[in-house]
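Undergrad: The sequence isn't on hand, but the structure is:
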């Protein structure tokens, strides 16, 4: 599925709710929380902070998916097509950083 397909699927589900999308600042807080959970998990896996025995198990794919879900909600609430936006970001990266990094 494309990002647009996921956007539509999520919107279809959320439109069943009285308030499908949160206020933009609440959406941002949600993204920050989810990114924090990813950071905590990566620190448990690779960093110096071991997981407590009492902490629930987290999976890396689940944490990344939670971030994507929250980002899609922001995009949907602002009528942003993520396929188009991501293509622009990739084009910008290719142009701006064409000679920035050593090639294989």
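TA: Arrived safely, thanks for sending. Treat the numbers as computed from the prediction; the structure is a model and nothing was measured.
Undergrad: and the closest residue to residue 78 other than its chain neighbours, how many neighbours does it have?
TA: Leaving aside its sequence neighbours, residue 78 sits nearest to residue 24 (Cβ to Cβ, 6 or more residues apart in numbering; 7.9 Å). From N, CA and C alone the C-beta is placed, and that goes for glycine too. Residue 24: 11 surrounding residues under other Cβ atoms under 10 Å.
Undergrad: Residue 24 reaches residue 74, doesn't it?
TA: Yes. Residue 24 is within contact range of residue 74, at 7.2 Å (criterion: Cβ atoms under 8 Å).
Undergrad: So which elements touch the helix or strand containing residue 5?
TA: Element membership for residue 5 (DSSP states H and E) is helix 3-14. Under the contact criterion of 3 or more Cβ pairs under 8 Å, 6 or more residues apart in numbering; DSSP states H and E, helix 3-14 touches helix 60-77, helix 82-96.
Undergrad: Need these in JSON lines (columns: distance to residue 102, mean neighbour count and mean pLDDT).
TA: Shown next, in JSON lines, are the helices and strands packed on helix 3-14 (distance: least, Cβ to Cβ, whole Å; neighbours: other Cβ atoms under 10 Å; pLDDT from 0 to 100):
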{"stretch": "helix 60-77", "distance to residue 102": "28", "mean neighbour count": "16", "mean pLDDT": "98"}
{"stretch": "helix 82-96", "distance to residue 102": "16", "mean neighbour count": "11", "mean pLDDT": "93"}
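Undergrad: Pipe the ones you listed into JSON lines and attach distance to residue 35 per row.
TA: Below are the helices and strands packed on helix 3-14 laid out as JSON lines (distance: least, Cβ to Cβ, whole Å):
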{"stretch": "helix 60-77", "distance to residue 35": "6"}
{"stretch": "helix 82-96", "distance to residue 35": "17"}
